[in-house]
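1. got a sequence here, can you build the structure:
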Amino acid sequence: MGNVPILYGEGNHMSYSKIEKISHLIGELERAFKEFSDEDFDDIKLFEEMDSLFVSILDPSNVSTHPNIAEFLLTNKHRSQFLAHIRYVITHNYSFKGSKNGHEAFVSPNHIQWYDDGVMFLEGKEPFLGFIGLYRNKEARYAIAARDAKDGEELSKPFAYQYHHHR
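-> Here you go, the predicted structure:
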């Protein structure tokens, strides 16, 4: 595994070895991602692997094995803190504050991208919340639900939204 030291023993030595191994793997991942083109990220396999990675850090299906959610979080205090830190970094670095017509708002990337010739985003008063927008042909349009959806229902492109120019 390259230059990663493998330390055997008890106590901190064993933990140190694990941390060094993870640190090395994260460095490898950083280097690989920097070499990726934007199109390289458009692969469902990466999304599935990212989901698996987060479950390996903290498996939400284990909540039911605890008397309540707080007990689950207490039992997994540092794992949940680690995930919360990832969320904090994403929220604070990738939701961009701007102003339009004297009103401040956040513009954030959206996890759904249906259009090859445009980009879908979220715009609102809070990071990663708000109206769904579509920027295409140098014009921003905002979604209006074409129909009601049930809670938790995944909407698909053809039926979900109609985009209208915002004046």
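2. for the protein, longest helix please?
-> Scanning the chain for the helix with the most residues, using DSSP state H, yields helix 12-35.
3. angle of the very next helix or strand once past that helix against helix 12-35?
-> Next along the chain after helix 12-35, taking DSSP states H and E as the criterion, comes helix 44-57. Calculated by axes from the mean of the first three to the mean of the last three CA atoms, to 10 degrees, helix 44-57 forms an angle of 160 degrees with helix 12-35.
4. for helix 44-57, give me every contacting residue.
-> With contact meaning CB atoms under 8 Å, 6 or more residues apart in numbering, helix 44-57 is reached by 79, 82-83. Backbone N, C-alpha and C define where each C-beta goes, glycine included.
5. and what of stretch 67-79?
-> For stretch 67-79, contacts defined as CB under 8 Å, 6+ apart pick out 57-58, 62-63, 65-66, 80.
6. using PyMOL, define a selection of the buried residues within those.
-> Here is the PyMOL command that selects the buried residues among these (16 or more other CB atoms under 10 Å):
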select buried, resi 58
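7. and which of the contacts of stretch 67-79 is nearest residue 119?
-> Nearest to residue 119, judged by CB to CB, of the contacts of stretch 67-79 is residue 57 at 28.8 Å.
8. need the contacts of helix 44-57 in a markdown table with distance to residue 142, secondary structure and pLDDT, can you?
-> Formatted as a markdown table, the contacts of helix 44-57 follow (distance: CB to CB, whole Å; DSSP: H, G, I helix; E, B strand; the rest coil; pLDDT from 0 to 100):
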| residue | distance to residue 142 | secondary structure | pLDDT |
| --- | --- | --- | --- |
| 79 | 38 | helix | 97 |
| 82 | 35 | helix | 96 |
| 83 | 31 | helix | 96 |
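9. got a list of what residue 42 touches?
-> Residue 42 neighbours (CB under 8 Å, 6+ apart): residue 113.
10. quick check on it: phi, psi?
-> Main-chain dihedrals, residue 42, degrees, to the nearest 10: phi -90, psi 60.
11. gap between residue 103 and residue 97?
-> From residue 103 over to residue 97 the distance is 11 Å, taken as CB to CB, to the nearest Å.
12. least trustworthy helix or strand in the protein by mean pLDDT?
-> When each helix and strand of the chain is scored by mean pLDDT, DSSP states H and E, strand 161-165 comes last, with a mean of 46.
13. pass me the low-pLDDT residue ranges in the protein, would you?
-> 1-16, 145-167 (pLDDT under 70).
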